[in-house]
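A.B. asks: Got a sequence here, can you model it:
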Amino acid sequence: MSLSNLGPSGFQPGAWRWLIERVWRLEHAFERSRAAAKPEDDTRIRIFFVMAFFGLCFVGLALGASVSALFSNAGKGAGYLASTEGARGDLVDRDGRLLAVDLTHYALYVDPKEVWDKPEARRALGKALPEVPAKRLDKVVFGDRRTFLLGGLTPEQKDAIFNLGLPGISFEEQGRRVYPLGATAAHLVGFVDSGGKGLAGAERALDKPIRQAAGGGGPTVLSIDIRVQAALEDELRKAALEFQPRGAVGLVTNVHTGEILGMASYPDFDPNKAGTATDDQKLNRAAGAVYEMGSTFKAFTVAIGLDTGVATPTSTFDAREPYKLGYRTIHDYHAAKAILTLVEVFKHSSNIGTAKLAVGVGAQRLSQYFANLGLTKPAKVELLESARPLTPRKWDEDAVASTSFGHGMNITPLALAEAMGPLLNGGARPPLTIRKLAQGVRPEGPRVLTEETSQQMLRIMRANVIPGEGGSGGKADVAGLSVGGKTGTGEKYDPALKAYNHQRQVSSFAAVFPTDGPLEADRYFVLILLDEPKGNARTFGFSTGGWVAAPAAGKVIERIAPFLGVHRKPQIMTVSNSQNTSPGTGL
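C.D. replies: Numbers count the residues shown, from 1 in each chain. Next up, the predicted model:
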């Protein structure tokens, strides 16, 4: 066998022969040095050989490290430096403001075997950690093995305890999810468990991409604008403090993209301390609670009437007497006792006129339109809390009349926002989303209404808000912003009474701005909802949507318009002879 055949696989025979010859020459040099009685030459050669060998090793290691750093997948979530278990990427708002982040915290351990003076150690720890129960401290300090005492310590807290100089104290790093804005956007952002698993909100809905981003994939960008969110929460909280409801909801959406720019649920909680919050505080009322939305549904019924050709804005409906339909009689809460045009039916929030319109549309067409608007299924949104609606089992005339003005059907506020989109954006229904879309992107959605119907609804909703024109939404008007909307006051069904309880109401205002301009122009939907609000002297005791929700919606719009690039337009002052000086009801 020749020397050339002894080389490893893939090594060129000529190169292998060259290496063997060099090694033999080196060894012969050693032998010649010994034969010539020159041990210093032998030593010098060996030292040179050792240095050359280590030099080659160092160069090889340096090259390997460089190749690994430049061309490996380390740090990319799937390579040698994959993120630790439970690690999560950052969450930010649409402008990059931080909403959630993983920060290093520390777990505190105590080893009693290393503690010299246990009573002194117990006293020092008790003073430094007043939140730890005394029994827990006694068990750990006077125990017989190393035990975990407290987790989630910040670097500052860890240093303060370390500086006590207590023997037997040690720390271990641990990751912890932190929400720097506290309760702001808590229900939309959500929270995680101790192992880093998303349990609610975006943390749960987008759990997989957030985890993947921990390896260096960049932050997960949500659709909300924290400035819009803060204004929405502030005005919702003010309304809640004034009218003392059981709960409240606020929403702001882009009607063309479906992006949720703000979402508030009251009461709220701090996701940094989710374990101490009650179930009621953690309930996302925008996505996970269903309500009878009352007269906001009249916007859908009127739009359907226009779209089917059953009515035009000038069609008339006799609302002088209650409407008898089978075994039931439909009344108007604040009876106009007049023949009303379709626009007046909307402005006066007439149950009688709306029911007559719905009966004219018919059960089959009305129920199909409701389904096309998304009202018969959970809202299409990433949030897993999105609840199913409660719909009529049978679409008979009674169901048609009741649902036409928002009774007999319970939906989530998010479902209402999704269904309002086609009325306001030209007729399409894009899904809602909690993720920011690229600039200029407008997702396609099924066409529900014609563009003409959408244009008519924008005009009708604006007419309902113009001050002095007798509409129910006048208190939501903001000068120069062309606000439109519909009030809603749904009475709650009381199983004990087997009837609707007039003292328990869900009061809301569904707003849109601006209503002017082309259909493709930027446009936004705002919802304020109060569950069982209480009237006061300022509202003359009324707790209807026009009194308790419309003003809050107007204040939200006034504050957020600059953030959304909506500018006020000059107003022409007019004098109207239809000024209503009576308190009214604001249905």
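A.B. asks: Pull the contacting residues for Pro514.
C.D. replies: For Pro514, the contacting residues are 481-483, 521, 523, 566, by CB atoms under 8 Å, 6 or more residues apart in numbering. (Each C-beta comes from the backbone N, C-alpha and C, glycine too.)
A.B. asks: Out of the residues you listed, who's the most crowded?
C.D. replies: Of all these, Val483 has the most neighbours under the rule other CB atoms under 10 Å, reaching 28 neighbours.
A.B. asks: Now pLDDT and secondary structure too, for the contacts of Pro514, in CSV please.
C.D. replies: As requested, those are arranged in CSV below (pLDDT from 0 to 100; DSSP: H, G, I helix; E, B strand; the rest coil):
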residue, pLDDT, secondary structure
Leu481, 97, coil
Ser482, 97, coil
Val483, 98, coil
Ala521, 96, coil
Arg523, 98, coil
Val566, 96, coil
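A.B. asks: which of those lies closest to Ala371?
C.D. replies: When the contacts of Pro514 are compared for distance to Ala371 (CB to CB), Arg523 comes out closest, at 24.3 Å.
A.B. asks: how far away is the closest residue to that closest one other than its chain neighbours from Ile466?
C.D. replies: Nearest residue to Arg523, sequence neighbours excluded (CB to CB, 6 or more residues apart in numbering): Val255, at 5.0 Å. Distance, Val255 to Ile466, using CB to CB, to the nearest Å: 21 Å.
A.B. asks: Between those two, tell me which one has more neighbours.
C.D. replies: Val255 (23 against 18).
A.B. asks: That one reaches Leu424, doesn't it?
C.D. replies: Yes - Val255 lies in contact with Leu424 (CB atoms under 8 Å); the separation is 4.5 Å.
A.B. asks: any shared contact partners between the two?
C.D. replies: Common neighbours of Val255 and Leu424 (criterion: CB under 8 Å, 6+ apart): 512, 523, 525.
A.B. asks: Walking through the stretch 301-450 of the chain, point out its helices one by one.
C.D. replies: Using DSSP state H, counting those that start in this stretch, the helices found in the stretch 301-450 of the chain span residues 342-347, 351-361, 363-372, 397-404, 413-425.
A.B. asks: Buried deepest among those helices, which one?
C.D. replies: Scoring the helices of the stretch 301-450 of the chain by mean neighbour count under mean count of other CB atoms under 10 Å gives helix 413-425 as the most buried, with a mean of 28.
A.B. asks: Now the most centrally placed residue in the chain. Nearest residue, chain neighbours left out?
C.D. replies: Nearest residue to the geometric centre of the chain (CA atoms, centre = their mean): Leu188, 2.7 Å. Using CB to CB, 6+ apart and skipping the chain neighbours, the partner closest in space to Leu188 is Met263 (4.7 Å).
A.B. asks: okay, now that neighbour: neighbour count?
C.D. replies: Using other CB under 10 Å, Met263 has 33 neighbouring residues.
A.B. asks: Next up, the contacts around it.
C.D. replies: 185, 187-188, 224, 229, 232, 250-252, 286.
A.B. asks: Make sure it is indeed in a helix.
C.D. replies: No - counting by DSSP: H, G, I helix; E, B strand; the rest coil, one finds Met263 to be strand, located in no helix.
A.B. asks: Okay, and the beta partners of it?
C.D. replies: Leu251 (DSSP bridges).
A.B. asks: I'd like the distance between it and Leu437.
C.D. replies: To Leu437, Met263 is 16 Å away according to CB to CB.
A.B. asks: Same check on Gly89?
C.D. replies: Distance, Gly89 to Leu437, using CB to CB: 19 Å.
A.B. asks: Grab the nearest non-local neighbour of Arg504.
C.D. replies: Nearest non-adjacent residue to Arg504, counting by CB to CB, 6+ apart: Lys492, 4.1 Å away.
A.B. asks: Check the secondary structure at that neighbour for me.
C.D. replies: Secondary structure of Lys492, per three-state DSSP, is strand.
A.B. asks: Where does Arg88 fall, secondary structure wise?
C.D. replies: Assignment of secondary structure by DSSP states H and E places Arg88 within no helix or strand.
A.B. asks: Was I right to think it contacts Lys208?
C.D. replies: No - the pair Arg88 / Lys208 is not scored as a contact, 10.6 Å apart, by CB under 8 Å.
A.B. asks: which of the two has more neighbours?
C.D. replies: A direct count of neighbours by other CB under 10 Å for Arg88 and Lys208 places Arg88 higher, at 23 against 9.
A.B. asks: got a list of what that one touches?
C.D. replies: Applying CB under 8 Å, 6+ apart to Arg88 gives the contacts 100, 102, 177, 192, 196, 203, 210-211, 213-214.
A.B. asks: nearest to Val345, of the residues you listed?
C.D. replies: Glu203 (44.5 Å).
A.B. asks: Isn't that closest one up against Phe191?
C.D. replies: Yes - with contacts counted by CB under 8 Å, Glu203 reaches Phe191, the gap being 5.9 Å.
A.B. asks: list the residues that contact both of those two?
C.D. replies: Common contact partners of Glu203 and Phe191 (CB under 8 Å, 6+ apart): Arg177.
A.B. asks: what ranges do the strands span in the stretch 51-200 of the chain?
C.D. replies: Here the stretch 51-200 of the chain has its strands, by DSSP state E, counting those that start in this stretch, at 91-92, 98-110, 147-153, 169-178, 191-192, 198-200.
A.B. asks: Before I go, just wanted to say thanks for your time.
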